[in-house]
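> Sequence unavailable; structure follows:
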């Protein structure tokens, strides 16, 4: 079950999960945390199991019904068990967006593709690193 964790940004476990979804630089992680604090339209939810947050999803829901995923992470020891897919499905159910979009790299593109997202290459936005736009259109 998804729970709102935006008020738990100071917890080390939340910060470690956010670090999994951004360039692992302590300054970048703190910048991401401050963005969630400063911008009320950004939401952050987690999946709790046995009292521990094992995955999180951070997003913005825009007026046109587009949910933009900014961060999606599952604890490394829990990956491959369907928690990432569960975060996406529960977010779809909770927010009922028209579509979900995410930008990602080669490491995560197969996850989005296997979850039903349409994947489009954006080319090398950073030297030597191809980026992808992933789009999931919700059924009516």
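Yep, that arrived. Since the structure is predicted, the reported quantities are computational estimates derived from the model, not experimental observations.

> Pull the distance from the worst-scoring helix or strand of the chain on mean pLDDT to the chain's centre.
Across the helices and strands of the chain, mean pLDDT, DSSP states H and E gives its lowest value to strand 118-126, namely a mean of 87. Averaging C-alpha positions (CA atoms, centre = their mean, to the nearest Å) puts strand 118-126 17 Å from its chain's average.

> ok, that strand: who's next to it in the sheet?
strand 129-137 (antiparallel) (DSSP bridges).

> quick one: contacts of the least confident helix or strand of the chain?
103, 109, 112, 113, 130, 131, 132, 133, 134, 135, 136, 137 (CB atoms under 8 Å, 6 or more residues apart in numbering). For the C-beta atoms, the positions are set from N, CA and C on the backbone; glycine is no exception.

> do stretch 44-63 as well
Under the contact criterion CB under 8 Å, 6+ apart, stretch 44-63 has outside partners 1-6, 8-9, 11, 13-14, 17-18, 21, 36, 41-43, 67-75, 78, 83-84, 86-88, 90-91, 94-95, 97, 100.

> Can you turn the buried part of those into a PyMOL selection?
Selection of buried members from the contacts of stretch 44-63 for PyMOL, criterion 16 or more other CB atoms under 10 Å:
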select buried, resi 2+5+9+14+17+18+21+36+42+43+67+68+69+70+71+72+73+74+75+83+84+86+87+88+91+95+97+100
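
> In strands only, show me the contacts of stretch 44-63.
Those of these mapping onto strands are 2-4, 42-43, 67-74, 100, per DSSP state E.

> how close does residue 14 sit to residue 5?
Distance of residue 14 to residue 5, given as CB to CB, to the nearest Å: 6 Å.
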